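Peer 1: Pasting a predicted model and its sequence here:
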Amino acid sequence: MTELEKYYNKFCEEKRLGRRHGQVEYIITMKYIRKYLPETGHAKIIDIGAGTGRYSVRLADEGYDVTAVELVKYNLGILKSKGSSVKAYHGNALNLSRFENESFDMALLFGPMYHLFTIEDKIKALKEAARVTKKGGYVLAAYCMNEYGVLLHGFRDGNIKGCMENGKLNADFHCVSQPEDLYDYVRLEDINQMNAQINLEQTVLERVQIIAPDGPANYMRQVLNAMDQETFELFIRYQMSVCERPELLGASAHTVDILKKC
């Protein structure tokens, strides 16, 4: 069992997306998934790194044909136990060979990019997602953002000096992650570099939007938890209104890059 599998055997992703900071991310991400799904209502979706099926099961319940791929068997078991129509498989984002080219209208790549530690592997995952997506379809890829890691783990939690000394941060305060760190963090220029590399290799993915689905929500968990429901709903409306603003993307905990296969 890998360190990643051991981690997710203890970490409850289902509970995270149910908490208020996770609800912000989930609600706004679902809005953009629906925005780019075909209007016919018969779309085929692949959820790569589906976790416990928070997105997969909801989309299947809405009538979409959903296939899920998940590395962690514990998460896969929870997903299958929900009794939905999702077709769920054990696998990983780097090898989707069980699926034919251009099989899906949309590919969701929400978990894998957090846990792949080289540009080469991230590009490989994007290319596999693009390969199984139809021309004119969409790939939605989520990333953990560098400044979120620096500000919270580094400064808030008092680890900044140690991270600089042990090489976990370079002189430019860019995270340098290894597999034992479990998570990798990127900046917008890293995402742009990967997209440019893919397009040089004749897999053309054109960005239509990039959003910050949770914005500051992860920084203010206690504040969100203390809000009354009406105020919390106002916060969701606020984040919905600013999630596309370019000046706010880099410091969000997550971004979702929305790419069209041309």
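Peer 2: It's in. Everything numeric in this text was worked out from a predicted model, so none of it was measured.

Peer 1: how many neighbours does the spatially closest residue to G154 that is not a sequence neighbour have?
Peer 2: Nearest non-adjacent residue to G154, counting by C-beta to C-beta, 6 or more residues apart in numbering: I160, 4.0 Å away. Where C-beta positions appear, they are placed from N, C-alpha and C, glycine not excepted. A total of 17 residues lie near I160 under the criterion other C-beta atoms under 10 Å.

Peer 1: Show the contacting residues for I160.
Peer 2: Residues counted as contacts of I160 (C-beta atoms under 8 Å, 6 or more residues apart in numbering) are V150, G154, L169.

Peer 1: how close does it get to G167?
Peer 2: Using C-beta to C-beta, to the nearest Å, I160 is found at 13 Å from G167.

Peer 1: same check, this time on N95
Peer 2: 31 Å.

Peer 1: Check K127 too.
Peer 2: 29 Å.

Peer 1: Which one's more surrounded, those two?
Peer 2: K127 (18 against 9).

Peer 1: Now do the same contact list for that one.
Peer 2: Applying C-beta under 8 Å, 6+ apart, the residues near K127 are I198, E201, T203.

Peer 1: try it again with 10 Å
Peer 2: L94, L96, V139, M194, Q197, I198, E201, T203, L205 (C-beta atoms under 10 Å, 6 or more residues apart in numbering).

Peer 1: Then T118?
Peer 2: For T118, counting by C-beta under 10 Å, 6+ apart, the contacting residues are K124, S177, P179, D184.

Peer 1: which of those residues sit farthest apart?
Peer 2: K124 and S177 (17.2 Å; C-beta to C-beta).

Peer 1: So which of these two has more stuff around it?
Peer 2: Remark: of K124 and S177, S177 carries more neighbours, 21 against 16, as counted by other C-beta under 10 Å.
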